[in-house]
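Participant: Generate a structure from the sequence data that follows.
(4 chains)
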Number of protein chains: 2
Amino acid sequence: MRHDSRLSRMLHVLIHMDRHEGAATSETIAAMLNTNPVVVRRTMAGLREKGYVRSEKGHGGGWTLGRPLSEMTLLDIYEAVGEPPVFAVGPACDQPACLVEQAVNAALSDAFEEAERLLLKRFGRVTLADIALDFDARMMRHAAQAHVASGCHS
Amino acid sequence: MRHDSRLSRMLHVLIHMDRHEGAATSETIAAMLNTNPVVVRRTMAGLREKGYVRSEKGHGGGWTLGRPLSEMTLLDIYEAVGEPPVFAVGPACDQPACLVEQAVNAALSDAFEEAERLLLKRFGRVTLADIALDFDARMMRHAAQAHVASGCHS
DNA sequence: TCATTCGCAACAACATAAGTTACAAATCTA
DNA sequence: TAGATTTGTAACTTATGTTGTTGCGAATGA
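Facilitator: Got it, this is the predicted structure:
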(Lines give C-alpha, C1' and ligand atoms only; values in the text may rest on other atoms or scores of the structure.)
Protein backbone atom coordinates (compact mmCIF):
# COMPACT_ATOMS: atom_id res chain seq x y z
CA MET A 1 0.00 0.00 0.00
CA ARG A 2 1.20 3.52 -0.58
CA HIS A 3 0.30 4.71 2.91
CA ASP A 4 -2.17 4.62 5.73
CA SER A 5 -5.26 6.68 4.97
CA ARG A 6 -7.37 5.80 7.99
CA LEU A 7 -6.96 9.15 9.72
CA SER A 8 -7.81 11.07 6.56
CA ARG A 9 -10.83 8.88 5.88
CA MET A 10 -12.18 9.15 9.40
CA LEU A 11 -11.91 12.96 9.39
CA HIS A 12 -13.74 13.00 6.08
CA VAL A 13 -16.53 10.79 7.40
CA LEU A 14 -17.00 12.58 10.69
CA ILE A 15 -17.55 15.91 8.99
CA HIS A 16 -20.03 14.38 6.57
CA MET A 17 -21.85 12.78 9.52
CA ASP A 18 -22.14 16.17 11.17
CA ARG A 19 -24.05 17.44 8.12
CA HIS A 20 -26.12 14.28 7.82
CA GLU A 21 -29.67 13.83 9.13
CA GLY A 22 -29.99 10.73 11.28
CA ALA A 23 -27.79 7.66 11.17
CA ALA A 24 -25.49 6.92 8.24
CA THR A 25 -25.12 3.27 7.29
CA SER A 26 -21.74 1.68 6.63
CA GLU A 27 -22.96 1.29 3.06
CA THR A 28 -23.55 5.02 2.65
CA ILE A 29 -20.24 5.88 4.25
CA ALA A 30 -18.41 3.34 2.11
CA ALA A 31 -19.78 5.08 -0.98
CA MET A 32 -18.41 8.43 0.24
CA LEU A 33 -14.99 6.90 0.73
CA ASN A 34 -14.95 4.77 -2.40
CA THR A 35 -14.50 1.62 -0.40
CA ASN A 36 -16.74 -1.05 1.10
CA PRO A 37 -18.79 -1.35 4.30
CA VAL A 38 -16.51 -3.82 6.05
CA VAL A 39 -13.55 -1.46 5.83
CA VAL A 40 -15.76 1.27 7.26
CA ARG A 41 -16.87 -0.84 10.23
CA ARG A 42 -13.35 -2.00 10.87
CA THR A 43 -11.92 1.50 10.94
CA MET A 44 -14.80 3.12 12.79
CA ALA A 45 -14.64 0.47 15.53
CA GLY A 46 -11.74 2.40 17.05
CA LEU A 47 -13.72 5.63 17.12
CA ARG A 48 -16.67 3.89 18.73
CA GLU A 49 -14.47 2.58 21.55
CA LYS A 50 -13.46 6.14 22.37
CA GLY A 51 -17.04 7.39 22.16
CA TYR A 52 -16.56 9.64 19.12
CA VAL A 53 -19.27 7.73 17.27
CA ARG A 54 -22.05 5.32 18.15
CA SER A 55 -23.43 2.48 16.08
CA GLU A 56 -26.87 0.88 16.06
CA LYS A 57 -27.77 -2.43 14.52
CA GLY A 58 -30.90 -3.34 12.62
CA HIS A 59 -33.50 -1.42 10.71
CA GLY A 60 -32.85 2.31 10.75
CA GLY A 61 -29.49 1.70 12.37
CA GLY A 62 -26.09 3.01 11.35
CA TRP A 63 -23.56 5.48 12.67
CA THR A 64 -24.07 8.74 14.57
CA LEU A 65 -21.69 11.24 16.15
CA GLY A 66 -20.99 10.73 19.84
CA ARG A 67 -20.02 14.34 20.47
CA PRO A 68 -19.78 17.65 18.59
CA LEU A 69 -16.97 18.21 16.09
CA SER A 70 -15.67 21.04 18.28
CA GLU A 71 -14.79 18.45 20.91
CA MET A 72 -12.65 16.20 18.70
CA THR A 73 -9.12 17.04 17.63
CA LEU A 74 -7.04 15.46 14.88
CA LEU A 75 -4.95 13.97 17.67
CA ASP A 76 -8.03 12.31 19.18
CA ILE A 77 -8.86 10.67 15.88
CA TYR A 78 -5.24 9.71 15.21
CA GLU A 79 -5.21 7.92 18.55
CA ALA A 80 -8.60 6.34 17.92
CA VAL A 81 -7.42 4.71 14.68
CA GLY A 82 -4.61 3.09 16.65
CA GLU A 83 -1.78 5.63 16.45
CA PRO A 84 -0.28 4.08 13.33
CA PRO A 85 3.45 4.71 12.72
CA VAL A 86 3.89 8.23 11.38
CA PHE A 87 7.11 7.69 9.47
CA ALA A 88 7.87 5.49 6.48
CA VAL A 89 11.60 5.88 7.11
CA GLY A 90 13.44 4.43 10.06
CA PRO A 91 16.36 2.46 11.47
CA ALA A 92 17.54 -0.82 9.99
CA CYS A 93 17.71 -2.39 13.44
CA ASP A 94 16.19 -1.36 16.77
CA GLN A 95 18.81 -2.65 19.22
CA PRO A 96 22.04 -2.75 17.24
CA ALA A 97 25.23 -4.09 18.82
CA CYS A 98 27.31 -1.93 16.47
CA LEU A 99 28.22 1.38 18.12
CA VAL A 100 28.25 3.16 14.76
CA GLU A 101 24.72 2.04 14.14
CA GLN A 102 23.76 3.12 17.66
CA ALA A 103 25.08 6.60 16.96
CA VAL A 104 23.22 6.72 13.65
CA ASN A 105 19.99 5.58 15.29
CA ALA A 106 20.37 8.18 18.00
CA ALA A 107 20.83 10.99 15.49
CA LEU A 108 17.89 9.87 13.39
CA SER A 109 15.50 9.17 16.23
CA ASP A 110 16.22 12.54 17.81
CA ALA A 111 15.20 14.19 14.57
CA PHE A 112 12.17 11.99 13.97
CA GLU A 113 10.93 12.33 17.52
CA GLU A 114 11.16 16.08 17.34
CA ALA A 115 9.19 16.11 14.10
CA GLU A 116 6.59 13.75 15.53
CA ARG A 117 6.17 15.86 18.65
CA LEU A 118 5.58 18.91 16.49
CA LEU A 119 3.09 17.05 14.33
CA LEU A 120 1.07 15.63 17.21
CA LYS A 121 1.13 18.94 19.07
CA ARG A 122 -0.37 20.53 16.00
CA PHE A 123 -2.91 17.71 15.63
CA GLY A 124 -3.96 18.42 19.20
CA ARG A 125 -4.70 22.04 18.40
CA VAL A 126 -6.93 21.45 15.37
CA THR A 127 -10.54 20.43 15.95
CA LEU A 128 -12.83 18.83 13.43
CA ALA A 129 -14.95 21.96 13.70
CA ASP A 130 -12.00 23.94 12.35
CA ILE A 131 -11.90 21.76 9.27
CA ALA A 132 -15.67 21.96 8.88
CA LEU A 133 -15.35 25.74 8.94
CA ASP A 134 -12.78 25.61 6.17
CA PHE A 135 -15.15 23.37 4.25
CA ASP A 136 -17.86 26.02 4.54
CA ALA A 137 -15.46 28.63 3.17
CA ARG A 138 -14.67 26.36 0.24
CA MET A 139 -18.39 25.90 -0.39
CA MET A 140 -18.84 29.68 -0.54
CA ARG A 141 -15.98 30.11 -2.99
CA HIS A 142 -17.26 27.20 -5.03
CA ALA A 143 -20.75 28.69 -5.23
CA ALA A 144 -19.36 32.11 -6.15
CA GLN A 145 -17.27 30.48 -8.86
CA ALA A 146 -20.30 28.69 -10.27
CA HIS A 147 -22.26 31.94 -10.18
CA VAL A 148 -19.63 33.75 -12.26
CA ALA A 149 -19.23 30.77 -14.58
CA SER A 150 -22.97 30.85 -15.24
CA GLY A 151 -22.47 34.18 -16.99
CA CYS A 152 -24.18 36.38 -14.41
CA HIS A 153 -22.20 39.57 -13.73
CA SER A 154 -24.62 41.23 -11.34
CA MET B 1 8.65 -4.36 4.94
CA ARG B 2 8.26 -2.36 8.12
CA HIS B 3 9.85 0.79 6.76
CA ASP B 4 12.53 2.22 4.54
CA SER B 5 15.97 1.81 6.09
CA ARG B 6 18.11 3.03 3.21
CA LEU B 7 19.03 6.33 4.83
CA SER B 8 19.95 4.64 8.10
CA ARG B 9 22.01 2.00 6.34
CA MET B 10 23.90 4.47 4.19
CA LEU B 11 24.83 6.61 7.18
CA HIS B 12 26.06 3.51 8.92
CA VAL B 13 28.18 2.46 5.96
CA LEU B 14 29.67 5.86 5.27
CA ILE B 15 30.99 6.18 8.81
CA HIS B 16 32.47 2.70 8.65
CA MET B 17 34.12 3.56 5.34
CA ASP B 18 35.70 6.60 6.92
CA ARG B 19 37.42 4.31 9.43
CA HIS B 20 38.33 1.75 6.80
CA GLU B 21 41.70 1.44 5.09
CA GLY B 22 41.36 1.34 1.31
CA ALA B 23 38.31 0.26 -0.65
CA ALA B 24 35.48 -1.72 0.93
CA THR B 25 33.85 -4.33 -1.29
CA SER B 26 30.10 -4.71 -1.55
CA GLU B 27 30.60 -8.07 0.10
CA THR B 28 32.28 -6.53 3.16
CA ILE B 29 29.67 -3.81 3.42
CA ALA B 30 26.85 -6.30 3.05
CA ALA B 31 28.23 -8.19 6.05
CA MET B 32 28.18 -4.98 8.13
CA LEU B 33 24.55 -4.39 7.19
CA ASN B 34 23.38 -7.99 7.46
CA THR B 35 22.28 -7.99 3.87
CA ASN B 36 23.77 -8.96 0.52
CA PRO B 37 26.04 -7.25 -2.00
CA VAL B 38 23.37 -6.53 -4.60
CA VAL B 39 21.30 -4.53 -2.14
CA VAL B 40 24.44 -2.59 -1.26
CA ARG B 41 25.25 -1.76 -4.89
CA ARG B 42 21.68 -0.81 -5.61
CA THR B 43 21.44 1.57 -2.69
CA MET B 44 24.93 3.02 -3.01
CA ALA B 45 24.36 3.77 -6.70
CA GLY B 46 22.48 6.90 -5.65
CA LEU B 47 25.36 8.10 -3.49
CA ARG B 48 27.81 7.50 -6.32
CA GLU B 49 25.77 9.65 -8.69
CA LYS B 50 26.08 12.55 -6.26
CA GLY B 51 29.80 11.96 -5.73
CA TYR B 52 29.59 10.98 -2.07
CA VAL B 53 31.26 7.67 -2.87
CA ARG B 54 33.23 6.19 -5.76
CA SER B 55 33.32 2.61 -6.94
CA GLU B 56 36.03 0.70 -8.77
CA LYS B 57 35.56 -2.58 -10.56
CA GLY B 58 37.92 -5.51 -10.64
CA HIS B 59 40.71 -6.76 -8.48
CA GLY B 60 41.31 -4.51 -5.47
CA GLY B 61 38.18 -2.55 -6.33
CA GLY B 62 35.27 -1.59 -4.12
CA TRP B 63 33.87 1.55 -2.55
CA THR B 64 35.65 4.64 -1.25
CA LEU B 65 34.46 7.96 0.15
CA GLY B 66 34.18 10.76 -2.37
CA ARG B 67 34.52 13.51 0.24
CA PRO B 68 35.05 13.92 3.97
CA LEU B 69 32.23 13.16 6.39
CA SER B 70 32.21 16.78 7.48
CA GLU B 71 30.97 17.71 4.02
CA MET B 72 27.94 15.43 3.96
CA THR B 73 24.72 16.13 5.84
CA LEU B 74 21.88 13.78 6.62
CA LEU B 75 19.89 15.78 4.10
CA ASP B 76 22.47 15.10 1.38
CA ILE B 77 22.23 11.37 1.97
CA TYR B 78 18.45 11.46 2.23
CA GLU B 79 18.36 13.11 -1.18
CA ALA B 80 20.94 10.71 -2.59
CA VAL B 81 18.83 7.67 -1.70
CA GLY B 82 15.97 9.16 -3.71
CA GLU B 83 14.09 11.28 -1.17
CA PRO B 84 11.73 8.47 -0.23
CA PRO B 85 8.37 9.51 1.25
CA VAL B 86 8.87 10.53 4.86
CA PHE B 87 5.37 9.75 6.11
CA ALA B 88 3.51 6.47 6.32
CA VAL B 89 0.24 8.32 6.84
CA GLY B 90 -1.47 10.43 4.20
CA PRO B 91 -4.57 11.37 2.27
CA ALA B 92 -6.92 8.80 0.78
CA CYS B 93 -7.03 10.69 -2.51
CA ASP B 94 -4.74 13.35 -3.96
CA GLN B 95 -7.19 15.37 -6.04
CA PRO B 96 -10.58 14.81 -4.44
CA ALA B 97 -13.71 16.31 -5.96
CA CYS B 98 -15.38 16.32 -2.55
CA LEU B 99 -14.94 19.67 -0.82
CA VAL B 100 -14.97 18.05 2.62
CA GLU B 101 -12.10 15.85 1.58
CA GLN B 102 -10.31 18.87 0.15
CA ALA B 103 -10.60 20.64 3.49
CA VAL B 104 -9.34 17.54 5.31
CA ASN B 105 -6.41 17.17 2.93
CA ALA B 106 -5.52 20.82 3.38
CA ALA B 107 -5.51 20.54 7.18
CA LEU B 108 -3.43 17.37 7.11
CA SER B 109 -0.95 18.45 4.48
CA ASP B 110 -0.34 21.74 6.28
CA ALA B 111 0.60 19.78 9.38
CA PHE B 112 2.66 17.17 7.54
CA GLU B 113 4.49 19.74 5.47
CA GLU B 114 5.42 21.70 8.55
CA ALA B 115 6.76 18.58 10.23
CA GLU B 116 8.67 17.60 7.10
CA ARG B 117 10.22 21.04 6.80
CA LEU B 118 11.39 20.82 10.40
CA LEU B 119 12.81 17.35 9.86
CA LEU B 120 14.69 18.20 6.67
CA LYS B 121 15.97 21.45 8.13
CA ARG B 122 17.40 19.47 10.98
CA PHE B 123 18.83 16.87 8.59
CA GLY B 124 20.59 19.71 6.82
CA ARG B 125 22.28 20.83 10.00
CA VAL B 126 23.72 17.45 11.01
CA THR B 127 26.87 16.23 9.26
CA LEU B 128 28.13 12.66 9.18
CA ALA B 129 31.14 13.93 11.10
CA ASP B 130 28.80 14.88 13.96
CA ILE B 131 27.55 11.30 14.13
CA ALA B 132 31.09 9.94 13.91
CA LEU B 133 31.99 12.13 16.87
CA ASP B 134 29.10 10.71 18.86
CA PHE B 135 30.31 7.26 17.89
CA ASP B 136 33.75 8.10 19.34
CA ALA B 137 32.11 9.18 22.60
CA ARG B 138 30.21 5.91 22.73
CA MET B 139 33.44 4.01 22.15
CA MET B 140 35.02 5.81 25.11
CA ARG B 141 32.10 5.00 27.38
CA HIS B 142 32.09 1.45 26.14
CA ALA B 143 35.80 1.03 26.85
CA ALA B 144 35.41 2.55 30.33
CA GLN B 145 32.51 0.22 30.99
CA ALA B 146 34.58 -2.79 29.95
CA HIS B 147 37.42 -1.60 32.16
CA VAL B 148 35.17 -1.44 35.24
CA ALA B 149 33.52 -4.74 34.34
CA SER B 150 36.94 -6.36 34.19
CA GLY B 151 37.22 -5.82 37.94
CA CYS B 152 39.90 -3.15 37.85
CA HIS B 153 39.14 -0.31 40.27
CA SER B 154 42.32 1.68 39.82
C1' DT C 1 -41.01 -14.03 10.28
C1' DC C 2 -38.16 -11.34 7.49
C1' DA C 3 -35.38 -7.52 5.87
C1' DT C 4 -31.82 -4.51 7.53
C1' DT C 5 -27.66 -3.49 9.62
C1' DC C 6 -23.55 -4.05 12.47
C1' DG C 7 -19.59 -7.40 14.24
C1' DC C 8 -16.10 -10.15 13.12
C1' DA C 9 -13.15 -13.76 11.35
C1' DA C 10 -10.70 -15.34 7.48
C1' DC C 11 -8.60 -14.75 3.32
C1' DA C 12 -7.11 -12.36 -1.16
C1' DA C 13 -5.15 -8.33 -3.49
C1' DC C 14 -1.75 -4.90 -3.74
C1' DA C 15 2.28 -1.96 -3.13
C1' DT C 16 7.01 -1.47 -1.97
C1' DA C 17 11.49 -2.33 0.27
C1' DA C 18 14.45 -5.98 0.69
C1' DG C 19 16.46 -10.37 -0.69
C1' DT C 20 18.14 -13.45 -4.39
C1' DT C 21 19.81 -15.31 -8.78
C1' DA C 22 22.10 -14.86 -12.97
C1' DC C 23 25.06 -12.93 -16.11
C1' DA C 24 27.66 -9.19 -18.50
C1' DA C 25 31.44 -5.90 -18.19
C1' DA C 26 35.52 -4.02 -16.34
C1' DT C 27 39.91 -4.40 -14.05
C1' DC C 28 43.98 -6.40 -12.12
C1' DT C 29 47.42 -10.23 -11.82
C1' DA C 30 50.08 -13.87 -13.40
C1' DT D 1 45.94 -13.77 -22.97
C1' DA D 2 43.64 -16.42 -19.31
C1' DG D 3 41.60 -16.26 -15.03
C1' DA D 4 40.08 -14.30 -10.68
C1' DT D 5 37.84 -10.42 -8.62
C1' DT D 6 34.49 -7.02 -8.34
C1' DT D 7 30.88 -3.85 -9.84
C1' DG D 8 26.34 -3.08 -12.83
C1' DT D 9 21.95 -4.42 -13.71
C1' DA D 10 17.84 -6.89 -14.91
C1' DA D 11 14.45 -10.08 -13.35
C1' DC D 12 12.28 -12.51 -10.00
C1' DT D 13 10.94 -13.80 -5.13
C1' DT D 14 9.94 -12.72 -0.29
C1' DA D 15 8.12 -10.14 3.58
C1' DT D 16 5.02 -6.99 5.69
C1' DG D 17 1.13 -4.11 6.38
C1' DT D 18 -3.09 -1.66 4.57
C1' DT D 19 -6.94 -2.34 1.92
C1' DG D 20 -10.49 -5.14 -0.30
C1' DT D 21 -13.75 -9.12 -0.21
C1' DT D 22 -16.61 -12.98 1.25
C1' DG D 23 -19.32 -15.26 4.51
C1' DC D 24 -21.97 -15.78 8.45
C1' DG D 25 -23.73 -14.72 13.07
C1' DA D 26 -26.33 -11.49 16.05
C1' DA D 27 -29.27 -7.72 17.02
C1' DT D 28 -33.03 -4.73 15.81
C1' DG D 29 -37.34 -3.13 13.94
C1' DA D 30 -41.45 -3.71 10.80
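Participant: and whichever residue of chain A sits closest to DNA strand C, what pLDDT?
Facilitator: Proximity of chain A to DNA strand C (Cβ to the nearest atom of the strand) peaks at A:Ser26, 3.4 Å away. From N, CA and C alone the C-beta is placed, and that goes for glycine too. Confidence at A:Ser26, expressed as pLDDT, is 97.
Participant: Check A:His3 too.
Facilitator: We note a pLDDT of 88 for A:His3 in this prediction.
Participant: The one 4 residues further on now?
Facilitator: Model confidence at A:Leu7, given as pLDDT, is 98.
Participant: That one contacts B:Leu108, doesn't it?
Facilitator: Yes - using Cβ atoms under 8 Å, A:Leu7 is in contact with B:Leu108, at 7.3 Å.
Participant: So for these two, which residues contact both of them?
Facilitator: A:Leu74 (Cβ atoms under 8 Å, 6 or more residues apart in numbering or on different chains).
Participant: now the strands for chain A?
Facilitator: Applying DSSP state E to chain A gives strands spanning A:53-56, A:62-65.
Participant: which residues are contacting the first one?
Facilitator: Which is strand A:53-56. Contacts for strand A:53-56 (Cβ under 8 Å, 6+ apart): A:14, A:17, A:23, A:41, A:44, A:47-48, A:61-66.
Participant: Generate a ChimeraX selection restricted to the buried subset of those residues.
Facilitator: Only the buried entries of the contacts of strand A:53-56 go into this ChimeraX selection, using 16 or more other Cβ atoms under 10 Å in any protein chain shown:
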select /A:14,17,23,44,47,62,63,65,66
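Participant: Make JSON lines out of the contacts of strand A:53-56 and add pLDDT and distance to chain B.
Facilitator: Formatted as JSON lines, those follow (pLDDT from 0 to 100; distance: Cβ to the nearest Cβ, whole Å):
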{"residue": "A:Leu14", "pLDDT": "98", "distance to chain B": "9"}
{"residue": "A:Met17", "pLDDT": "97", "distance to chain B": "10"}
{"residue": "A:Ala23", "pLDDT": "95", "distance to chain B": "18"}
{"residue": "A:Arg41", "pLDDT": "98", "distance to chain B": "17"}
{"residue": "A:Met44", "pLDDT": "98", "distance to chain B": "14"}
{"residue": "A:Leu47", "pLDDT": "98", "distance to chain B": "15"}
{"residue": "A:Arg48", "pLDDT": "97", "distance to chain B": "20"}
{"residue": "A:Gly61", "pLDDT": "95", "distance to chain B": "23"}
{"residue": "A:Gly62", "pLDDT": "97", "distance to chain B": "18"}
{"residue": "A:Trp63", "pLDDT": "98", "distance to chain B": "16"}
{"residue": "A:Thr64", "pLDDT": "97", "distance to chain B": "17"}
{"residue": "A:Leu65", "pLDDT": "98", "distance to chain B": "14"}
{"residue": "A:Gly66", "pLDDT": "97", "distance to chain B": "19"}
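Participant: Mind picking the two most distant members of the contacts of strand A:53-56?
Facilitator: The most widely separated members of the contacts of strand A:53-56, counting by Cβ to Cβ, are A:Leu14 and A:Gly61 (18.1 Å).
Participant: and the nearest residue to A:Ser109 once chain neighbours are set aside, how many neighbours does it have?
Facilitator: Spatial nearest neighbour of A:Ser109, chain neighbours left out: A:Pro91 (7.2 Å); criterion: Cβ to Cβ, 6 or more residues apart in numbering or on different chains. By the measure other Cβ atoms under 10 Å in any protein chain shown, the count of residues near A:Pro91 is 23.
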